[in-house]
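A.B. asks: just the structure for this:
(one chain, ligands or ions: 1)
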Amino acid sequence: MEKIWADSGDSHVLEPADLWTSNLPARLAERAPRTERDEKSETVYVDGQVVFRTLVAFAEASSRAPGADDVTKRLHDMDGEGVRGQVLFPSRGLWVARMTDPDLWRECGRIYNDWLRNDVMTVSPRLVGVAILPALSTEDAVAELQRVAANGMHAVMLPTTPPEGRDYNNPVWEPVWAAAEEADIALSFHVGTGADPRMVRGPGGAVINYAETFFPGQRTVVHLVASGALDRHPNLKVFIAEGGASWVPALADRMDEGYRQHGMYVQPKLSQLPSEIIYRQVFASFQHDKSAIPAVTAMGYQNVMWGDDYPHLEGTYGHTQQTLHELFDGVDADVAERILRGNFERLFPAARAAMAA
Ligand code: MN
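C.D. replies: Prediction:
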């Protein structure tokens, strides 16, 4: 089987367990994300609250790759799987988005971003870190965005579910959108981040809760487009990671219909149709979805990117080549090139240039 090489738009580091407790000032350290394990379950605490509980078996399976928490071994894993570059989101750091204290979020983010920049990205240009932005304060978000951009980072992230009172159509965000466009840095949203949707128990719970993570990323796109944020910042690129891709054309149609049929209520007016803005500026990544390639070939949505979600259980570690062959064998070479490598370069051009150097 010929090896297919791909860039991954959605991968994760596994932070040292004591990253925050060791580096935060004492007044904040005890409220940082912290994990406790008993025989059966692993519990994540943030700011003294339980935010997540999972089976130990699940947590262990999600960090089973040798390079999950070892950067040198990670490069070896990537070579084995056929992954050239990885865009790195947090694992434990995903939980900062459950914080309600702006100082705690800002400081946890800053420590994470510096660790990612200094201890991970310096090892290889194939490792492309996404910086955590604090989302409870516009001023803090802009300052951190500008700081990490100046430090050579290529992407920043906000939660798919924004904090209470700070929906993404809210003008409070305008300086952040302007700063991201100005810095030419990809504005990224990873599914499953922010205040949780309702967790369901009982029949179907596992799949229901997994499917639920799909929707807030779509809501983010709706807010950014309908509010005119992307129209006002036509060079701002938005990336919804791990949420699949074929929903994008359907959502674009839905928004066009609303924009046209409810036109008498629509404000602000946009300079183009919602679908045109979405097709220009919104990128989306998938791992296994059979529907993702037809989004490009049958629906004309070009900004589809593959991701391995390494080392998480939702990802392709251990079967990446099998998955890529199942997805891409027989697919037009230009389409495969775009999804596997080209869109990574469009979204993270400076990172790709550094990898090639
Ligand atoms: Mn992911």
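
A.B. asks: what about residue 338, how many residues nearby?
C.D. replies: By other C-beta atoms under 10 Å, 19 other residues sit near residue 338. C-betas here are computed from N, CA, C, even on glycine.

A.B. asks: isn't there a helix covering it?
C.D. replies: Yes: per DSSP: H, G, I helix; E, B strand; the rest coil, residue 338 lies within a helix segment.

A.B. asks: tell me how many other residues crowd residue 300.
C.D. replies: Residue 300: 10 neighbours (other C-beta under 10 Å).

A.B. asks: ditto for the one 5 residues further on
C.D. replies: By the criterion of other C-beta under 10 Å, residue 305 has 28 neighbours.

A.B. asks: so where do the helices sit in the stretch 51-200 of the chain?
C.D. replies: For the stretch 51-200 of the chain, the helices defined by DSSP state H, counting those that start in this stretch occupy 56-62, 71-81, 102-115, 138-150, 174-183.

A.B. asks: can you add distance to the ion and give those helices back as TSV?
C.D. replies: As requested, those are arranged in TSV below (distance: least, C-beta to the ion, whole Å):
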stretch	distance to the ion
helix 56-62	11
helix 71-81	15
helix 102-115	16
helix 138-150	20
helix 174-183	20
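
A.B. asks: which of the ones you listed is buried the deepest?
C.D. replies: Of the helices of the stretch 51-200 of the chain, the one with the most neighbours on average (mean count of other C-beta atoms under 10 Å) is helix 102-115, at a mean of 22.

A.B. asks: what helix or strand does residue 36 sit in?
C.D. replies: strand 34-37 (DSSP states H and E).

A.B. asks: what comes up buried for the helix or strand just after that strand?
C.D. replies: From strand 34-37 onward toward the C-terminus, using DSSP H and E, the following helix or strand is strand 41-46. Buried residues in strand 41-46, counted by 16 or more other C-beta atoms under 10 Å: 42, 44-46.

A.B. asks: looking at those, spot the one nearest residue 318.
C.D. replies: residue 42 (21.4 Å; C-beta to C-beta).

A.B. asks: quickly list what the closest one is bridged to.
C.D. replies: Following DSSP bridges, residue 42 is listed with bridge partners residue 37, residue 54.
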